[in-house]
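Chemist: Turn this into a model:
(one chain, ligands or ions: 2)
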Amino acid sequence: MYTQAMDTAAREGHASASGLAPTEREQRFEARIAAGEYVEPKDWMPDHYRRTLVRQISQHAHSEIVGMLPEGNWITRAPTLKRKAILLAKVQDEGGHGLYLYAAAETLGTSRDEMIEALHTGQAKYSSIFNYPTLTWADVGVIGWLVDGAAIMNQIPLCRCSYGPYARAMIRVCREESFHQRQGFDALYAMMSQGTQAQRDMVQDAVNRWWWPSLMMFGPPDGESTHSEQSMRWGIKRIGNDELRQKFIDAAVEQAKVLGVDLPDPQLKWNPERGHHDHGAIDWDEFWRVVGGDGPCNRDRLAARVRARDDGAWVREAAMAHARKRAACDAAAQAA
Ligand SMILES: [Fe+2]
Ligand SMILES: [Fe+2]
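Modeler: Ligands and ions are numbered 1, 2, ... in the order given. Below is the predicted model of the structure:
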(Lines give C-alpha, C1' and ligand atoms only; values in the text may rest on other atoms or scores of the structure.)
(Ligands and ions follow the chains in the order given, each with its own letter.)
Protein backbone atom coordinates (compact mmCIF):
# COMPACT_ATOMS: atom_id res chain seq x y z
CA MET A 1 0.00 0.00 0.00
CA TYR A 2 2.40 2.72 1.20
CA THR A 3 5.59 2.03 -0.64
CA GLN A 4 8.71 3.70 -1.96
CA ALA A 5 9.77 0.55 -3.78
CA MET A 6 11.80 1.05 -6.93
CA ASP A 7 10.75 -0.68 -10.10
CA THR A 8 12.95 -3.77 -10.49
CA ALA A 9 12.42 -4.01 -14.27
CA ALA A 10 13.62 -0.45 -14.79
CA ARG A 11 16.65 -1.11 -12.64
CA GLU A 12 17.64 -4.14 -14.67
CA GLY A 13 17.11 -2.13 -17.83
CA HIS A 14 19.44 0.50 -16.41
CA ALA A 15 22.10 -2.14 -15.77
CA SER A 16 21.93 -3.71 -19.21
CA ALA A 17 21.96 -0.25 -20.79
CA SER A 18 25.46 0.14 -19.40
CA GLY A 19 26.43 -2.61 -21.86
CA LEU A 20 28.64 -4.50 -19.43
CA ALA A 21 28.95 -8.28 -19.33
CA PRO A 22 27.73 -9.87 -16.03
CA THR A 23 31.22 -10.64 -14.70
CA GLU A 24 32.43 -7.17 -15.56
CA ARG A 25 29.44 -5.67 -13.77
CA GLU A 26 30.22 -7.71 -10.71
CA GLN A 27 33.90 -6.77 -10.79
CA ARG A 28 33.03 -3.12 -11.11
CA PHE A 29 30.61 -3.44 -8.17
CA GLU A 30 33.25 -5.15 -6.00
CA ALA A 31 35.77 -2.47 -6.93
CA ARG A 32 33.38 0.30 -5.92
CA ILE A 33 32.83 -1.37 -2.55
CA ALA A 34 36.60 -1.82 -2.08
CA ALA A 35 37.09 1.89 -2.83
CA GLY A 36 34.64 2.74 -0.06
CA GLU A 37 31.92 4.12 -2.35
CA TYR A 38 28.27 4.03 -1.34
CA VAL A 39 25.86 1.90 -3.36
CA GLU A 40 22.61 3.74 -4.15
CA PRO A 41 19.12 2.35 -4.97
CA LYS A 42 19.33 2.71 -8.77
CA ASP A 43 22.85 1.30 -9.04
CA TRP A 44 23.34 -2.22 -10.29
CA MET A 45 24.00 -4.69 -7.47
CA PRO A 46 24.26 -8.50 -7.27
CA ASP A 47 21.01 -10.21 -6.28
CA HIS A 48 22.66 -11.76 -3.24
CA TYR A 49 23.77 -8.32 -1.99
CA ARG A 50 20.21 -7.04 -2.44
CA ARG A 51 18.68 -10.05 -0.65
CA THR A 52 21.18 -9.82 2.22
CA LEU A 53 20.31 -6.16 2.74
CA VAL A 54 16.56 -6.74 2.54
CA ARG A 55 16.88 -9.49 5.15
CA GLN A 56 19.08 -7.42 7.45
CA ILE A 57 17.28 -4.06 7.14
CA SER A 58 13.79 -5.55 7.44
CA GLN A 59 14.90 -7.63 10.44
CA HIS A 60 16.27 -4.45 11.95
CA ALA A 61 13.00 -2.58 11.26
CA HIS A 62 10.96 -5.39 12.82
CA SER A 63 13.21 -5.28 15.91
CA GLU A 64 12.52 -1.57 16.38
CA ILE A 65 8.75 -2.07 16.13
CA VAL A 66 8.58 -5.19 18.30
CA GLY A 67 11.02 -3.48 20.69
CA MET A 68 8.30 -0.91 21.45
CA LEU A 69 6.24 -3.60 23.20
CA PRO A 70 8.24 -4.55 26.33
CA GLU A 71 8.79 -0.91 27.31
CA GLY A 72 5.39 0.30 26.13
CA ASN A 73 4.10 -2.05 28.80
CA TRP A 74 5.38 0.44 31.43
CA ILE A 75 4.21 3.79 30.00
CA THR A 76 1.04 3.82 32.10
CA ARG A 77 2.95 2.76 35.21
CA ALA A 78 6.03 5.01 35.06
CA PRO A 79 6.78 6.28 38.57
CA THR A 80 6.80 10.03 37.80
CA LEU A 81 5.53 12.40 35.12
CA LYS A 82 9.14 13.09 34.08
CA ARG A 83 9.91 9.37 33.62
CA LYS A 84 6.64 8.87 31.75
CA ALA A 85 7.42 11.71 29.32
CA ILE A 86 10.94 10.34 28.73
CA LEU A 87 9.66 6.81 28.17
CA LEU A 88 6.93 7.99 25.79
CA ALA A 89 9.53 9.88 23.73
CA LYS A 90 11.84 6.86 23.73
CA VAL A 91 9.19 4.38 22.61
CA GLN A 92 8.04 6.82 19.94
CA ASP A 93 11.66 7.10 18.70
CA GLU A 94 11.74 3.31 18.27
CA GLY A 95 8.61 3.53 16.10
CA GLY A 96 10.39 6.21 14.03
CA HIS A 97 13.46 4.00 13.66
CA GLY A 98 11.23 1.24 12.32
CA LEU A 99 9.79 3.63 9.74
CA TYR A 100 13.18 4.92 8.51
CA LEU A 101 14.34 1.35 8.15
CA TYR A 102 11.25 0.05 6.34
CA ALA A 103 11.66 3.00 3.96
CA ALA A 104 15.36 2.12 3.43
CA ALA A 105 14.45 -1.52 2.70
CA GLU A 106 11.74 -0.41 0.26
CA THR A 107 14.39 1.28 -1.90
CA LEU A 108 15.65 -2.26 -2.62
CA GLY A 109 12.40 -3.22 -4.31
CA THR A 110 10.48 -4.89 -1.51
CA SER A 111 7.17 -3.50 -0.24
CA ARG A 112 6.17 -2.66 3.32
CA ASP A 113 3.29 -5.14 3.05
CA GLU A 114 5.64 -7.97 2.03
CA MET A 115 7.93 -7.25 4.97
CA ILE A 116 5.10 -7.05 7.49
CA GLU A 117 3.62 -10.27 6.12
CA ALA A 118 6.99 -12.02 6.56
CA LEU A 119 7.12 -10.85 10.19
CA HIS A 120 3.58 -11.94 10.95
CA THR A 121 4.01 -15.39 9.42
CA GLY A 122 7.28 -15.99 11.27
CA GLN A 123 9.44 -16.07 8.10
CA ALA A 124 11.30 -12.92 9.17
CA LYS A 125 13.05 -12.60 12.50
CA TYR A 126 13.51 -9.74 14.90
CA SER A 127 16.00 -9.34 17.73
CA SER A 128 15.45 -12.11 20.25
CA ILE A 129 16.06 -9.79 23.19
CA PHE A 130 12.48 -8.54 22.88
CA ASN A 131 11.12 -11.98 23.68
CA TYR A 132 12.01 -11.44 27.34
CA PRO A 133 9.44 -9.87 29.69
CA THR A 134 9.69 -6.53 31.53
CA LEU A 135 8.70 -7.57 35.05
CA THR A 136 9.50 -4.39 37.00
CA TRP A 137 10.18 -0.68 36.43
CA ALA A 138 13.90 -1.43 36.76
CA ASP A 139 13.66 -3.49 33.57
CA VAL A 140 12.90 -0.29 31.65
CA GLY A 141 16.11 1.29 32.96
CA VAL A 142 18.16 -1.83 32.26
CA ILE A 143 16.81 -2.04 28.69
CA GLY A 144 17.98 1.53 28.12
CA TRP A 145 21.37 0.93 29.67
CA LEU A 146 22.21 -2.54 28.32
CA VAL A 147 19.90 -3.24 25.37
CA ASP A 148 20.13 0.21 23.78
CA GLY A 149 23.81 0.23 24.78
CA ALA A 150 24.40 -3.02 22.88
CA ALA A 151 22.32 -1.69 19.97
CA ILE A 152 24.56 1.40 19.71
CA MET A 153 27.68 -0.77 19.71
CA ASN A 154 26.18 -2.86 16.88
CA GLN A 155 24.83 0.08 14.93
CA ILE A 156 27.63 2.64 14.90
CA PRO A 157 29.61 0.61 12.33
CA LEU A 158 26.44 0.48 10.20
CA CYS A 159 26.71 4.26 9.68
CA ARG A 160 29.56 3.26 7.30
CA CYS A 161 27.59 0.44 5.66
CA SER A 162 28.12 0.27 1.88
CA TYR A 163 24.40 0.74 1.11
CA GLY A 164 23.74 4.50 1.21
CA PRO A 165 20.09 4.61 2.40
CA TYR A 166 20.83 2.22 5.28
CA ALA A 167 24.00 4.09 6.32
CA ARG A 168 22.19 7.45 6.31
CA ALA A 169 19.23 6.10 8.32
CA MET A 170 21.67 4.73 10.91
CA ILE A 171 23.30 8.11 11.54
CA ARG A 172 20.08 9.54 12.93
CA VAL A 173 19.11 6.28 14.66
CA CYS A 174 22.45 6.18 16.52
CA ARG A 175 22.05 9.73 17.80
CA GLU A 176 18.67 8.81 19.26
CA GLU A 177 19.94 5.51 20.65
CA SER A 178 22.53 7.36 22.67
CA PHE A 179 19.74 9.33 24.37
CA HIS A 180 18.00 6.00 25.06
CA GLN A 181 21.09 4.58 26.70
CA ARG A 182 21.56 7.69 28.84
CA GLN A 183 17.96 7.81 30.02
CA GLY A 184 18.15 4.15 31.09
CA PHE A 185 21.38 4.68 32.97
CA ASP A 186 19.96 7.83 34.60
CA ALA A 187 16.79 6.00 35.78
CA LEU A 188 18.93 3.23 37.31
CA TYR A 189 21.38 5.70 38.85
CA ALA A 190 18.50 7.53 40.56
CA MET A 191 17.32 4.28 42.14
CA MET A 192 20.80 3.09 43.08
CA SER A 193 22.02 6.39 44.55
CA GLN A 194 18.86 7.79 46.16
CA GLY A 195 16.49 4.83 46.34
CA THR A 196 15.49 2.35 49.01
CA GLN A 197 17.07 -1.06 49.53
CA ALA A 198 14.02 -2.58 47.80
CA GLN A 199 14.68 -0.39 44.72
CA ARG A 200 18.37 -1.31 44.67
CA ASP A 201 17.41 -5.00 44.87
CA MET A 202 14.96 -4.50 42.03
CA VAL A 203 17.72 -2.99 39.85
CA GLN A 204 20.11 -5.83 40.66
CA ASP A 205 17.43 -8.41 39.84
CA ALA A 206 16.77 -6.75 36.47
CA VAL A 207 20.52 -6.65 35.68
CA ASN A 208 20.77 -10.36 36.54
CA ARG A 209 18.01 -11.21 34.07
CA TRP A 210 19.09 -8.94 31.17
CA TRP A 211 22.90 -9.28 31.22
CA TRP A 212 23.24 -12.55 29.34
CA PRO A 213 20.50 -11.88 26.76
CA SER A 214 22.21 -8.50 26.10
CA LEU A 215 25.49 -10.28 25.27
CA MET A 216 23.57 -12.54 22.89
CA MET A 217 22.45 -9.44 20.93
CA PHE A 218 25.82 -9.44 19.13
CA GLY A 219 24.95 -12.77 17.54
CA PRO A 220 26.76 -16.11 17.65
CA PRO A 221 30.58 -16.29 17.73
CA ASP A 222 32.11 -15.23 14.40
CA GLY A 223 33.06 -18.81 13.49
CA GLU A 224 29.41 -19.91 13.70
CA SER A 225 27.81 -16.86 12.17
CA THR A 226 26.43 -17.86 8.75
CA HIS A 227 26.20 -14.41 7.15
CA SER A 228 29.23 -12.69 8.65
CA GLU A 229 31.99 -13.34 6.13
CA GLN A 230 30.14 -12.27 2.99
CA SER A 231 28.66 -9.24 4.78
CA MET A 232 32.17 -8.13 5.80
CA ARG A 233 33.40 -8.44 2.19
CA TRP A 234 30.51 -6.34 0.97
CA GLY A 235 31.02 -3.65 3.58
CA ILE A 236 27.57 -4.28 5.07
CA LYS A 237 29.20 -5.37 8.28
CA ARG A 238 32.43 -3.69 9.39
CA ILE A 239 33.33 -5.32 12.73
CA GLY A 240 32.87 -8.96 13.84
CA ASN A 241 30.38 -10.12 16.50
CA ASP A 242 33.02 -11.15 19.06
CA GLU A 243 34.95 -7.88 18.85
CA LEU A 244 31.78 -5.82 19.31
CA ARG A 245 30.66 -8.01 22.21
CA GLN A 246 34.05 -7.54 23.89
CA LYS A 247 33.88 -3.75 23.49
CA PHE A 248 30.43 -3.77 25.04
CA ILE A 249 31.53 -5.88 28.01
CA ASP A 250 34.57 -3.69 28.67
CA ALA A 251 32.38 -0.56 28.69
CA ALA A 252 29.58 -2.11 30.76
CA VAL A 253 31.95 -3.27 33.53
CA GLU A 254 33.02 0.31 34.21
CA GLN A 255 29.44 1.60 34.06
CA ALA A 256 28.27 -1.13 36.47
CA LYS A 257 30.89 0.10 38.97
CA VAL A 258 29.47 3.65 38.80
CA LEU A 259 25.95 2.31 39.28
CA GLY A 260 27.01 -0.01 42.09
CA VAL A 261 25.51 -3.17 40.59
CA ASP A 262 27.12 -6.58 40.11
CA LEU A 263 27.23 -8.18 36.69
CA PRO A 264 26.07 -11.80 37.11
CA ASP A 265 29.20 -13.52 35.81
CA PRO A 266 31.68 -14.88 38.38
CA GLN A 267 34.27 -15.36 35.63
CA LEU A 268 34.21 -11.72 34.55
CA LYS A 269 37.78 -10.55 35.15
CA TRP A 270 40.26 -8.05 33.70
CA ASN A 271 42.92 -9.77 31.65
CA PRO A 272 45.97 -7.44 31.49
CA GLU A 273 47.60 -9.44 28.69
CA ARG A 274 44.63 -9.11 26.39
CA GLY A 275 43.73 -5.66 27.65
CA HIS A 276 40.11 -6.82 27.89
CA HIS A 277 37.77 -8.53 30.33
CA ASP A 278 37.48 -12.32 30.17
CA HIS A 279 33.96 -13.60 30.66
CA GLY A 280 32.04 -16.80 31.31
CA ALA A 281 30.43 -18.99 28.64
CA ILE A 282 27.26 -17.72 26.97
CA ASP A 283 24.37 -20.18 26.85
CA TRP A 284 23.91 -20.41 23.08
CA ASP A 285 21.30 -23.16 23.50
CA GLU A 286 19.07 -20.59 25.17
CA PHE A 287 19.78 -18.14 22.33
CA TRP A 288 18.79 -20.63 19.62
CA ARG A 289 15.73 -21.73 21.59
CA VAL A 290 14.47 -18.14 21.78
CA VAL A 291 15.35 -17.44 18.12
CA GLY A 292 13.44 -20.61 17.24
CA GLY A 293 10.25 -19.26 18.84
CA ASP A 294 10.42 -20.72 22.31
CA GLY A 295 11.28 -17.67 24.41
CA PRO A 296 9.14 -16.39 27.27
CA CYS A 297 7.18 -13.88 25.13
CA ASN A 298 7.54 -14.87 21.43
CA ARG A 299 3.86 -15.69 20.98
CA ASP A 300 2.65 -12.57 22.84
CA ARG A 301 4.89 -10.27 20.80
CA LEU A 302 3.75 -11.60 17.42
CA ALA A 303 0.10 -11.68 18.51
CA ALA A 304 0.37 -8.02 19.59
CA ARG A 305 1.79 -7.01 16.19
CA VAL A 306 -0.89 -8.93 14.25
CA ARG A 307 -3.60 -7.37 16.44
CA ALA A 308 -2.17 -3.88 15.82
CA ARG A 309 -2.25 -4.44 12.05
CA ASP A 310 -5.84 -5.75 12.16
CA ASP A 311 -7.09 -3.02 14.50
CA GLY A 312 -5.51 -0.34 12.31
CA ALA A 313 -6.94 -1.66 9.02
CA TRP A 314 -9.85 0.82 9.07
CA VAL A 315 -7.43 3.75 9.43
CA ARG A 316 -5.47 2.67 6.36
CA GLU A 317 -8.66 2.10 4.38
CA ALA A 318 -10.03 5.50 5.39
CA ALA A 319 -6.74 7.21 4.42
CA MET A 320 -6.80 5.54 1.00
CA ALA A 321 -10.48 6.43 0.47
CA HIS A 322 -9.73 10.03 1.43
CA ALA A 323 -6.77 10.16 -0.99
CA ARG A 324 -8.92 8.76 -3.81
CA LYS A 325 -11.69 11.28 -3.12
CA ARG A 326 -9.22 14.15 -3.07
CA ALA A 327 -7.62 13.01 -6.34
CA ALA A 328 -11.09 12.82 -7.93
CA CYS A 329 -11.94 16.33 -6.67
CA ASP A 330 -8.62 17.71 -8.00
CA ALA A 331 -9.21 16.06 -11.39
CA ALA A 332 -12.75 17.48 -11.53
CA ALA A 333 -11.48 20.96 -10.61
CA GLN A 334 -8.85 20.82 -13.34
CA ALA A 335 -11.36 19.67 -15.96
CA ALA A 336 -13.73 22.54 -15.06
FE1 LIG B 1 15.90 2.08 18.04
FE1 LIG C 1 16.58 2.59 21.34
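
Chemist: Tell me how many other residues crowd Gln183.
Modeler: 20 (other Cβ atoms under 10 Å). Glycine gets a C-beta too; all of them are placed from N, C-alpha and C.

Chemist: looking at this, it is in a helix?
Modeler: Yes: per DSSP: H, G, I helix; E, B strand; the rest coil, Gln183 lies within a helix segment.

Chemist: got the contact list for it?
Modeler: 86-87, 90, 144 (Cβ atoms under 8 Å, 6 or more residues apart in numbering).

Chemist: where does it land on pLDDT?
Modeler: We have a pLDDT of 96 for Gln183.

Chemist: and if you look at Glu273?
Modeler: 97.

Chemist: can you check Arg25 too?
Modeler: Note for Arg25: predicted pLDDT of 88.

Chemist: rewinding a little: highest neighbour count among the contacts of Gln183?
Modeler: Among the contacts of Gln183, the one with the most neighbours (other Cβ under 10 Å) is Gly144, at 25 neighbours.

Chemist: wait, that one sits on His180?
Modeler: Yes: when contacts are counted by Cβ atoms under 8 Å, Gly144 is listed as touching His180 (5.3 Å).

Chemist: Now do the shared contacts for these two.
Modeler: In contact with both Gly144 and His180: Lys90, using Cβ under 8 Å, 6+ apart.

Chemist: can you give me the helices in the stretch 1-150 of the chain?
Modeler: 8-17, 22-34, 47-66, 68-72, 81-106, 112-120, 137-142, 149-155 (DSSP state H, counting those that start in this stretch).

Chemist: brain fart, the stretch 201-336 of the chain
Modeler: So, for the stretch 201-336 of the chain - with DSSP H, counting those that start in this stretch - the helices run 228-233, 241-259, 284-291, 298-311, 313-335.

Chemist: most neighbours per residue, which of the ones you listed?
Modeler: Among the helices of the stretch 201-336 of the chain, helix 241-259 has the highest mean neighbour count (mean count of other Cβ atoms under 10 Å), at a mean of 17.

Chemist: who does it touch, helix- and strand-wise?
Modeler: helix 149-155, helix 164-194, helix 197-216, strand 276-278 (3 or more Cβ pairs under 8 Å, 6 or more residues apart in numbering; DSSP states H and E).

Chemist: Okay, buried residues for the last one please.
Modeler: With burial defined by 16 or more other Cβ atoms under 10 Å, the residues of strand 276-278 counted as buried are His277.

Chemist: That strand pairs with which strands?
Modeler: Using DSSP bridges, the strands paired with strand 276-278 are strand 269-271 (antiparallel).

Chemist: how much space between whichever residue of the chain sits closest to ligand 1 and Ala151?
Modeler: Closest approach between the chain and ligand 1, counting by Cβ to the ion: His97, at 3.8 Å. For His97, the distance to Ala151 equals 10 Å [Cβ to Cβ, to the nearest Å].

Chemist: hang on, the earlier thing: to Ala319, which of the helices of the stretch 1-150 of the chain lies closest?
Modeler: helix 112-120 (13.7 Å; Cβ to Cβ).

Chemist: For the chain, which residues are neighbours of ligand 1?
Modeler: 64, 94, 97 (Cβ under 5 Å from the ion).

Chemist: Highest neighbour count among the residues you listed?
Modeler: For these, neighbours tallied by other Cβ under 10 Å; top is His97, 27 neighbours.

Chemist: Trp212 is nearest to which of the helices of the stretch 201-336 of the chain?
Modeler: helix 284-291 (7.7 Å).

Chemist: coming back round to it: most tightly surrounded among the helices and strands packed on helix 241-259?
Modeler: The most buried one of these (mean count of other Cβ under 10 Å) is helix 149-155, showing a mean of 23.

Chemist: Leu119 contacts Arg305, doesn't it?
Modeler: Yes: using Cβ under 8 Å, Leu119 makes contact with Arg305 at a distance of 6.6 Å.

Chemist: okay, and the common contacts of the two?
Modeler: With Cβ under 8 Å, 6+ apart, Leu119 and Arg305 have common neighbours Val66.
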